[in-house]
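1. Turn this into a model:
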Amino acid sequence: MASVKRKLYQRLLFFLVFLPISGVFCFSELFFVKEPHDVTAMRKEAVILDCQARGEATIDVRWLKNGVKVVENERVYLFSNGSLYISEVESRRGDKSDEGFYQCLAQNKYGAILSQKARLTIASISAFAIQPTSIVVTEGSVARFSCKISAHPPPIITWEFNRVTLPLTTERITALPSGVLQIHGVQRADAGNYRCVATNIASRRRSIEATLTVTPAPSPQLPQRPRIIAGPQNISVSLHQNAILECMATGNPRPIISWSRADSKSIDVYNTKVLGNGNLIITDIKPRHGGVYMCRATTPGTRNYTVAAANVTVLAPPSLSEWPESLTRPRAGTARFVCQAEGVPTPQITWLKNGKKVHSNGRIKMYNSKLVINQIIPEDDAIYQCQAENEQGSVLSMARLIVVMSEDRPSAPRNIRADTVSSSAILLAWERPLYNSDKVIAYSVHYMKAEGLNNEEYQVVIGNDTTRYIIDDLEPARNYTFYVVAYMPMGASRMSDNVFQHTLEDVPLRAPELSLTSRSPTDIQVSWQPLPDKLSRGRVSGYRLSYRTSSESAVSQIELPGEKTQHLLENLQPDTIYLLRIVAATSVGWGEQSAWTSHRTPKASSARVPLAPELHLEPLNCTTISARWQLAPRNSASVQGYKLFYHEESQPESAPLQLRASDYAHTIGGLDPRRKYHVKLLAYNVVGDGYQADQTISTPGCVSVRDRLVPPPPPPHNVYAKTNSSTAVFLHWGRPAFTSSNAVNYTVRCNPVGLQNASLVLYLQTNEQNLLVRDLEPNTKYEFAIRLHIDQLSSPWSPVVYQSTLPEAPMLPPSSVKVTLIEEDTALVSWKLPEESNVAVTHYTILYASRNAWIAGEWQVLQREGSITMALLENLKPGLVYLVKVSASNSMGDGPFSHAVELTVRTDLSSGHDHRLSRGSTHSTAFSDGFYHLDQKSMTGISVGVCIALICIIICAFIIICRGKNRKFSAVKTYREGVNASAAAAAHLGSEGQAESADVTVPMMSQSYFIDAKGGTNLIINSLGPVQSSAEKKRKWFSFGSNVKKDCTPMQNVRHSAASYHHGATLLTYEEEFSMSQNQPPTLQALLGHPGDAEGSSNSEGSHETGDSGRYSHDETELTNLSGPSSRPPSLTAEDGGDSDCSGPAEEPSELSEESPTDVKVMESVDTSCCEHEAQSVSQSALSV
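-> Numbering: from 1, shown residues only. Predicted structure coming up:
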């Protein structure tokens, strides 16, 4: 018994759970369980397209092919579940082919729904669009073959070498899936015949054979800069497919290929791999992989590289981000459905009602992806679908509108009638409703044009005290439809019956626009387009053509029937300006005449000039005109180009636009709305200007909300600019969310930032959502804005985006390269920017070498930042001739080197000639490495000023000393060690690192004598005053009486010790340091001091030797040394000490440049009149405590 109860409870629980679930599944009135999908089939193969619908019975299923119902036959029929079966797929031409887009339509009592589109494609393979071509390459270089073919499904491409299949990838050979064969390091064995093989399920095709010829490589192989011979191309790839970016480069040595993204984002390492020798493959591509990819080929060990870039666009099928929801609305209410979709390209939104496309008809409006239904009627009760579609696929979402009928509402107004009042007014009258007319509080009058689709419906609300109304804003000669609705507090009545009425004709609103050409020097062909209905305001019954010469006032007139659109004026005067105008008439009368249009007849000569082109003008939108033309069929004269003139009516003619002979179209942008423009076009050649074609055209108005009672379309959004190269920028934008069946086109505005001349603004037209803007200036910042145009509606301009083009690699070398020897082993190199516009320089490279090193191909290298235009060449060897050349570089590559400039470093530096000038160089005052170098004139002025100041100081000191009372002078004898002793003592002092440890002596003095230990002088003072030697006095008087000598031999800084010892005296150490370098330019380090980091090597830091090519390699550390503070002239560092003899400097260990922190030094310059035999007596001492 218990088991029976348990089973009963289980069954009851099952029904309690199942019933609600089944109710949920049965709640939806109609939906699809299975929908068809894209399929590719072989010819004569059977195909099944799935379709299963669920909902309340009974469900009727039909199939549509390209929007037309599919007719069943013995080959095509439906299964019981609704699927479509095709027993043998046919690929015949025209409608008999089974290829196309299929949709399943399911219908029941609630309405009908349409499935997504499924494309049936028959497998095929076409002939090769690109065949491989024979090539000749040198041994060791690279070879590339390519082929291209269209096939469904996409083919697998392989390659054959001498009819033998090659592997897809080896160490040297790479076969890309896109149909490219790459061979690196070509060998003699690679010579032979190659061909491409494409295979899919339909067939296999082989291309023609191409021959690879291998020639011996030259010996020795010359170095070559890297060059990309096959770079990546802009591609669009569907979601989850593979993207292939090719990059093949050549150079000597073989360049290294690397990849990066222009937006500095990292490349996805999980989905990206390198195939072969630098090709990039992105597998399972996703939206995040979109962007600009840059291929960079770099010479190993250097910064010589070249770059190629391409944009990857990821295409995605539509996906709905917002779905329409089912609504319940009363009659005469308003329903709004919203649908938003995403995808690339931006999906087009279409609304369906019971499986059929919805058209705007006044009550029903579609804009901004919304469907709005006003004045709902019972017939609006249906299933509505939002269909988002792009080239990648389609997606649908559905919602139902339920119309609720209410009781106690008035019946519809009765006996509605319309009478024409004028060309723009109609009187509408009606009777009150039969039921509940006393509850009517207002009437609404609805009217719209009767002809055409997507007409706007207008509504006027009036009180309940009248049943008549005049609509007076109608267009002449048009048919209109009217209906009336009565309102009461509880709601609205049904619509009244529709009534049709037409307005009367009126005179034409405007005259036709003329087009003028000449076939000979004595005629003018006049043609015009018929006026549109809106302008003709009735049927045109005739035209009146008037013409005269510009110099006469007499006017000739010709009346023509309304059916004519052209007329030939003959027997005119050659080379004469004629003025023409036209006027149109209806049955009511003549309209307004056009303005005079000028045209010059050709000259009466036998010269063969081009005939007038056939010109066609079309307004693209309210600010843009498209001009297209073609040469006259009878034209036999050559054409060098075209001249296009345009100007606003009643305005003077502007300068012509020069167009190439290959141009047959031009877009004129930046015009004003609702203006008439006169356009003239002529062809020219070496003989002269040809016959001209004149035409007038009016720009339409930019329709506003007030004009159309609909909002203008929003501007494009998500405008994104990416730099493609130094002359091109890729633009991409999104289409705003709105629905329209009309075509959409875009205007792109482009101009450099800060442009003052508005006529130079570039306007480009496209109907795509991307555009590659070409022919831009390198290294220039541009601003871009985009607006869209649809059905004579123009959106506002999008927000401006800015993007700069990439700089070009310098095409010219630096100019004005000069070399000046500023010391015996140091030269100054100066240059100027390359003489080309918009060039960006990030760094300069200086190569220099002696003649022997140049012959061996060994150059020393320096690099400087782009803001520095000078550099120092250090540690030059005397007696050699150096060659110097400079190149400019930036991120896009290196420019050429300048011509080599010679510099001679002389060995005889004691002659009176200026030894510092190189050939073709002059003195200059400039910056180099951040230091200021003085020219000869500046140095001479400073030297004279310093000498005058020293003379004044010496005179003052002499006067003060002479006025001293009872002072005794005694000589101070300076003891000086020999050259070897001095060097040994100095070396010992440097090795110990402390001044106290140096074993040197000074003269011993008695208690009454004191030494000046502050470093100011070398005086010994006793109780009576300073003691000075007669030799010192004689030297001072000698300095007053002698001229300064300029030919003293320059010397290095000399440091030596001099000391004597006396028992019982205090022991002090002092060193002498002086500089004998003649006319050495003072530098910033010399004035402010400098750390004691001496350069001990014979070569300049940051310099090194390279190979025969003159090219160079370096690493980051070398770059730092090249631009750092250690690259400076030897005069700015602590030099090695030596003997005091002027004949030549003696070297000293570098440790002497480091002094004990307790040492106190004072440096004083030596009088420039010194000679070799006076060097010891003239030197001034620097005392150390």
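2. ranges for the helices of the stretch 301-450 of the chain?
-> Taking DSSP state H, counting those that start in this stretch, the stretch 301-450 of the chain contains no helices at all.
3. residue ranges with poor pLDDT in it?
-> For the stretch 301-450 of the chain, the stretches with pLDDT under 70 are 368, 406-409.
4. Can you show me the strands along it?
-> In the stretch 301-450 of the chain, the segments counted as strands under DSSP state E, counting those that start in this stretch are 305-322, 327-330, 335-338, 340-344, 348-353, 356-357, 364-367, 370-373, 382-390, 393-404, 414-420, 426-431, 442-449.
5. of those strands, which approaches Ser725 most closely?
-> Closest approach to Ser725 among those (Cβ to Cβ): strand 305-322, 6.6 Å. In this view, the C-beta of every residue, glycine as well, is placed from N, C-alpha and C.
6. starting at the chain centroid, how far to the closest one?
-> 15 Å (Cα atoms, centre = their mean, to the nearest Å).
7. Kindly report the same for stretch 331-346.
-> So, by Cα atoms, centre = their mean, the centroid of stretch 331-346 is 35 Å from its chain's centroid.
8. end to end, how far does it reach?
-> 35 Å (Cα to Cα, to the nearest Å).
9. circling back to that earlier point, got the strands of the stretch 301-450 of the chain as JSON lines, with mean neighbour count and distance to Leu568 columns?
-> Output for the strands of the stretch 301-450 of the chain, formatted as JSON lines (neighbours: other Cβ atoms under 10 Å; distance: least, Cβ to Cβ, whole Å):
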{"stretch": "strand 305-322", "mean neighbour count": "19", "distance to Leu568": "53"}
{"stretch": "strand 327-330", "mean neighbour count": "16", "distance to Leu568": "63"}
{"stretch": "strand 335-338", "mean neighbour count": "18", "distance to Leu568": "58"}
{"stretch": "strand 340-344", "mean neighbour count": "21", "distance to Leu568": "54"}
{"stretch": "strand 348-353", "mean neighbour count": "20", "distance to Leu568": "47"}
{"stretch": "strand 356-357", "mean neighbour count": "13", "distance to Leu568": "47"}
{"stretch": "strand 364-367", "mean neighbour count": "19", "distance to Leu568": "48"}
{"stretch": "strand 370-373", "mean neighbour count": "20", "distance to Leu568": "54"}
{"stretch": "strand 382-390", "mean neighbour count": "23", "distance to Leu568": "50"}
{"stretch": "strand 393-404", "mean neighbour count": "19", "distance to Leu568": "54"}
{"stretch": "strand 414-420", "mean neighbour count": "15", "distance to Leu568": "41"}
{"stretch": "strand 426-431", "mean neighbour count": "19", "distance to Leu568": "43"}
{"stretch": "strand 442-449", "mean neighbour count": "19", "distance to Leu568": "38"}
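10. can you redo those strands as JSON lines with distance to Thr170?
-> JSON lines is the format used below for the strands of the stretch 301-450 of the chain (distance: least, Cβ to Cβ, whole Å):
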{"stretch": "strand 305-322", "distance to Thr170": "25"}
{"stretch": "strand 327-330", "distance to Thr170": "65"}
{"stretch": "strand 335-338", "distance to Thr170": "57"}
{"stretch": "strand 340-344", "distance to Thr170": "37"}
{"stretch": "strand 348-353", "distance to Thr170": "47"}
{"stretch": "strand 356-357", "distance to Thr170": "56"}
{"stretch": "strand 364-367", "distance to Thr170": "59"}
{"stretch": "strand 370-373", "distance to Thr170": "59"}
{"stretch": "strand 382-390", "distance to Thr170": "41"}
{"stretch": "strand 393-404", "distance to Thr170": "39"}
{"stretch": "strand 414-420", "distance to Thr170": "85"}
{"stretch": "strand 426-431", "distance to Thr170": "84"}
{"stretch": "strand 442-449", "distance to Thr170": "72"}
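11. quick one: low-confidence parts of the stretch 51-200 of the chain?
-> Residues of the stretch 51-200 of the chain that meet the cut-off, pLDDT under 70, sit at 93-95.
12. rerun that using 80 as the cut-off
-> 57, 91-96, 168-170 (pLDDT under 80).
13. give me the number of residues near Val461?
-> 10 (other Cβ atoms under 10 Å).
14. same question, Thr869
-> Thr869: 22 neighbours (other Cβ under 10 Å).
15. right, and it touches Tyr844 too?
-> Yes. Using Cβ atoms under 8 Å, Thr869 is in contact with Tyr844, at 7.5 Å.
16. Which neighbours do the two have in common?
-> 814, 831 (Cβ atoms under 8 Å, 6 or more residues apart in numbering).
17. Could you give the backbone dihedrals for the spatially most central residue of the chain?
-> Centroid-nearest residue in the chain: Thr723, 2.3 Å away (criterion: Cα atoms, centre = their mean). Reported as degrees, to the nearest 10, the phi and psi values for Thr723 are phi -80, psi 120.
18. residues in contact with it?
-> 262, 292, 309, 729-730, 803-806.
19. now those residues in TSV, with secondary structure and distance to Val460?
-> Shown next, in TSV, are the contacts of Thr723 (DSSP: H, G, I helix; E, B strand; the rest coil; distance: Cβ to Cβ, whole Å):
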residue	secondary structure	distance to Val460
Ala262	coil	58
Val292	strand	56
Ala309	strand	60
Val729	strand	51
Phe730	strand	51
Gln803	strand	51
Ser804	strand	55
Thr805	coil	56
Leu806	coil	60
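20. now, among those, which is nearest to Ala332?
-> Among those, and counting by Cβ to Cβ, the member closest to Ala332 is Phe730, at 51.5 Å.
21. Mind pulling up the pLDDT for that closest one?
-> pLDDT for Phe730: 93.
22. Please apply the same query to the one 5 residues further on.
-> Per-residue confidence at Arg735 stands at 82 (pLDDT).
23. in what helix or strand does Ile955 lie?
-> Element membership of Ile955, judged by DSSP states H and E, is helix 936-963.
24. by contact count, what packs against that helix?
-> helix 1030-1041 (3 or more Cβ pairs under 8 Å, 6 or more residues apart in numbering; DSSP states H and E).
25. re earlier: partner residues bridging the residue nearest to the centre of the chain?
-> Val729 (DSSP bridges).
26. Of the contacts of Thr723, which is the nearest to Lys353?
-> Phe730 (40.2 Å).
27. quick one: the closest one from Pro287, how far?
-> Note on Phe730: its distance to Pro287, by Cβ to Cβ, to the nearest Å, is 17 Å.
28. The two - which one has more neighbours?
-> Phe730 (21 against 12).
29. Please tell me I have it right and the more buried one contacts Val748.
-> No. The criterion here is Cβ under 8 Å, and Phe730 misses it with Val748 at 11.6 Å.
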